[in-house]
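1. Pasting a predicted model and its sequence here:
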Amino acid sequence: MADTYNEGAGAGADFDLSQFYQIFFEEAGENLDQMEQMLLDLDLSAANDEELNGIFRCAHSIKGGAATFGFSDVAELTHQMESLLDRLRRHELQPVPAMVDVLLDSADASRSLLARHQSGGQGEAVSTADLVRRIAELAAGQAPTLSAPVPPAPAPAPAPAPVAEPAPAAAPAPASAGGAARALQIQIGPMERMEQADAIKELFRDIAGLGTIEDLPATVPQTRLYAVQTSSTDDDLLDLFAFHVAKEQVQIRSMEGAAPVEPEPADATVQAVSDMAGGAPYGFFPGAPGAPAEQQAATAAQPVANAAGARSAAPRTGDAKSAQMESTTIRVDVKKVDQLINLVGELVITQAMLAQNSQGLDPAAYQQLLAGLADLDRNTRDLQESVMSIRMIPMSIVFSRFPRMLRDVANKLGKKVDLVTLGEATELDKGLVEKITDPLTHLVRNSVDHGIEAPEDRIAAGKPEHGTITLSASHQGGSIVIEVRDDGKGMSREKILRKARERGMDVSDAMPDSEVWQLIFAPGFSTADVVTDVSGRGVGMDVVKRNIAALNGSVEIDSAEGYGMRVAVRLPLTLAIMDGMSVGVGNEVYILPLSSVVESFQVNPDDVSTVAQGSQLVKVRDEYMPVISLERVFQVPRQDQDKSSTIMVVVESDGSRIALLVDELLGQHQVVVKNLESNYRKVANVSGATILGDGTVALILDTSSLVRRARH
Amino acid sequence: MLSILAVDDSPSMRKMVNFTLTGAGYRVVEAVDGQDALEKADTHEVALVLADQNMPRLDGIGLTRKLREHPRYKTTPILILTTESSDQMKQAGKAAGATGWLVKPFDPNRLIEVIQKVIR
């Protein structure tokens, strides 16, 4: 058995735990790293509880996992470490450098043992016997005790709990002549003739100073269980017992921490299922909430078998070839990722430049070069995609904060609201996730406050008492759409128009719904009759919209009075790269975000009408929209006076459309967005810049500000 | 399908518990520590809470205490997973309102067996 590679010993027959090994190895590796770092940082003269608890928790976690997944050697070593750390964090021991040393050594040994398991048991296991002894000596308060630190008796492999559990807060057992008395629980058996066990009892009667022995109710058939007080070492006891029973039939467990003589739980109402003395695998508190009515005695005893497995690692000696532990995840500074994204951006530009410069080459003469460039194109795109995916995190990170908030707000307002979240796995750029949280919070608050009605109103309106707010995220093309929907009272068109008139805004009853809803984004606009402390002070929706627009996103509102409201936030997947349409005006090239482009057409002069102050309107399928000439907005110098802009590109932002007058449409491509503000300064109507394939710089237009400009 | 809230700071333990319980026909809601569990308990209807004792931020017994203050969790079974089954731990668990305890490491079959004793 000692040489049998017996991973997963703790697993049930029909459960294959090996599928969790990898994640455990990673987790244990991280815990070991963390423990090592904390040990190195530990100031021995002023170690605080937090640090000691942190180190303890690392060892504890590894122990728990190792025991669960059947890596008994690691479980045993970390159990020893944990015991020492437990005494340290309880201030029962003063930390000394030797402790840090042995803990660091033990961490190394654990790492090597884990690596061995990870590689399927190849190479020799390092010996931990010496480490275990050193730890035990230190845990015993530095005084080198004679007692063997590891019970040489079969140690229950997958169950480290009963093995010399550290004595938490319990006073040390009273010392008797000749050494410290220890409280033990000894199980003898299974055996055919029960008289063998009686002989053990007689030993205690016969040998003066050996200690005391008392019967305990046995839990396993054909065995006897005793409570023993002795100052002898486990080795000595085993040697003595060997006259009557085989070593394999003896199990010695330390009882320190429990009452020395009385092994029953101190609280008689605590109902352990079997093996009362702390070894019960599980139990219920009678009368506790949810406890089963009938306390069935568990048939399964603590898995004390599998003893040989536990010992397999300990006695090994010889120089171990410690395999390197492999980790499948790494943690990287966000800055490094951003740098990588930047570099890939540069590469994309270079690639585009090469592609453009190679266009005029003769395919016959440059066949290989062109094939290479095609490969470069494909590889660059793949690389770009992979790199961008590093920054993507799921929307669940954002959504997870809402249940709590919703509950608090609903309670405050006396409303009943259920939250439904959809599409939590939808991924979004990390930078966007951070920026979208506040606007979304605002929208959800608004829905609870203004949307969802009080329970009695809902019932009166024939709706369920509980309102529902639905948060959903989904990918739509190159964007992500996040929706906040409620089944509340919705918005009243009349009310909004009335408020708008009161505020002196230019509105008409003929406005389409979509434009009416957009009015609530005006600064200071609020239709709330009562200002609550949740929302309704009129600050907010305009800020929400501005924040989202700053992310190149847009907000759409849909509402039906009495039925609820839907706010959809559309965002680009990432801020670093966007799909753009390049348009030419004079010698300049401008990029329009493709997401805002609706259509483009050749201008028919009959459809354009000039209104006051020279501003123009164009009629597109019975809809009039303002025309903006990019030539005029950006004062593009025109050398060829005969040429003029003859193409219109309709762009939409915030539910409004305008037509941009341009010379030509150059194409669609992904552009790498360079922030203009941080590199230069804010420029009106421009959201950023990019470098084109030929190396020239093109400005990316801020369509929402162009739309605003046209509308006001 | 009944939901079980599995609370453990160890990802491998969570995965193992999740796999075991999902296989036994339960829906599993995971939480990484007591604090997280409180939030999850708020937003999910769970029939049983399975909490590790030793966790950062809020441990199993602390979580139990808090959950018992929650109107929805007055009688929900709460099992504490622990590597030690000392009396001290049991007393604390009982005082906090836990339903019972289960010693780690445990066999997946044992976990299901224990859960089936308390879940309805």
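-> That came through fine.
2. what sits against A:A710?
-> Shown here is A:A710, whose contacts under the criterion Cβ atoms under 8 Å, 6 or more residues apart in numbering or on different chains are A:P626, A:I628, A:I658. C-beta here means a position set from N, CA and C on the backbone, and glycine is covered the same way.
3. for A:L571, same thing?
-> Contacts for A:L571 were tallied using Cβ under 8 Å, 6+ apart; they are A:L428, A:L432, A:I436, A:S479, A:I480, A:V481, A:I482, A:I548, A:L551, A:N552, A:G553.
4. Chain B versus that one, what's the distance?
-> Look at A:L571 and chain B: by Cβ to the nearest Cβ, to the nearest Å, they are 25 Å apart.
5. What is the neighbour count of the closest residue to that residue other than its chain neighbours?
-> If the residues on either side of it in the chain are set aside, A:L571 comes closest to A:G553, at 3.9 Å by Cβ to Cβ, 6 or more residues apart in numbering or on different chains. Using other Cβ atoms under 10 Å in any protein chain shown, A:G553 has 23 other residues around it.
6. Please identify the helix or strand for B:T75.
-> Under DSSP states H and E, no helix or strand contains B:T75.
7. Ramachandran coordinates for it?
-> B:T75 has phi and psi values of phi -120, psi 0 when expressed as degrees, to the nearest 10.
8. Read off the pLDDT value for it.
-> Turning to B:T75, the model gives it a pLDDT of 87.
9. thought it was touching A:A288?
-> No - with contact taken as Cβ atoms under 8 Å, B:T75 and A:A288 are classed as non-touching, separated by 9.6 Å.
10. Those two: which is more packed in?
-> In this comparison of B:T75 against A:A288, neighbours counted by other Cβ under 10 Å, the higher total goes to A:A288 at 21 against 13.
11. which among the contacts of A:A710 gets closest to chain B?
-> Distance ranking of the contacts of A:A710 against chain B, using Cβ to the nearest Cβ, places A:I658 first at 43.2 Å.
12. Could I get the pLDDT score of that closest one?
-> At A:I658, the model reports a pLDDT of 91.
13. Residue nearest the middle of chain B, spatially speaking?
-> Using Cα atoms, centre = their mean, the residue of chain B that lies closest to the mean C-alpha position is B:L50, 1.3 Å off.
14. what lines up beside whatever helix or strand that one lives in in the sheet?
-> Using DSSP H and E, the secondary-structure element containing B:L50 is strand B:48-52. Sheet pairing of strand B:48-52 (DSSP bridges) gives strand B:3-7 (parallel), strand B:78-82 (parallel).
15. Mind telling me which residue of chain B is nearest chain A?
-> When Cβ to the nearest Cβ is the measure, chain B has its nearest residue to chain A at B:P77, with 3.0 Å between them.
16. how about that residue, what does it touch?
-> When contacts are counted by Cβ under 8 Å, 6+ apart, B:P77 touches A:P289, A:G290, A:A291, B:A47, B:L48, B:V49, B:T99, B:G100, B:V118, B:I119.
17. The last one: neighbouring residues, count only.
-> In this case it means B:I119. When neighbours are defined as other Cβ under 10 Å, B:I119 has 16 of them.
18. same deal with the fifth one?
-> For B:L48, the neighbour count with other Cβ under 10 Å is 21.
19. Show me what the helix or strand bottoming out on mean pLDDT in chain B is packed against.
-> Per-element confidence for chain B was summarised using mean pLDDT, DSSP states H and E. The lowest value among helices and strands belongs to helix B:87-96, with a mean of 81. In terms of contacts (3 or more Cβ pairs under 8 Å, 6 or more residues apart in numbering or on different chains; DSSP states H and E), helix B:87-96 is packed against helix B:60-69, strand B:78-82, strand B:100-103.
20. With mean pLDDT as new columns, can the ones you listed be given to me in a markdown table?
-> Conversion of the helices and strands packed on helix B:87-96 to a markdown table gives the following (pLDDT from 0 to 100):
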| stretch | mean pLDDT |
| --- | --- |
| helix B:60-69 | 90 |
| strand B:78-82 | 89 |
| strand B:100-103 | 86 |
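21. So what's the gap between the helix or strand hosting A:R498 and the chain middle?
-> Taking DSSP H and E as the definition, A:R498 sits inside helix A:493-502. For helix A:493-502, the separation from the chain centroid amounts to 45 Å (computed by Cα atoms, centre = their mean, to the nearest Å).
22. What residues sit buried inside that helix?
-> Residues of helix A:493-502 classed as buried under the neighbour-count rule (16 or more other Cβ atoms under 10 Å in any protein chain shown) are A:R493, A:I496, A:L497, A:K499, A:A500.
23. Ok, stretch A:222-229 next?
-> For stretch A:222-229, a neighbour-count test (16+ other Cβ under 10 Å) marks A:T223, A:R224, A:L225, A:Y226, A:A227, A:V228, A:Q229 as buried.
24. now swap in stretch A:599-616 and tell me
-> Judged by neighbour count (16+ other Cβ under 10 Å), stretch A:599-616 contains these buried residues: A:S600, A:V603.
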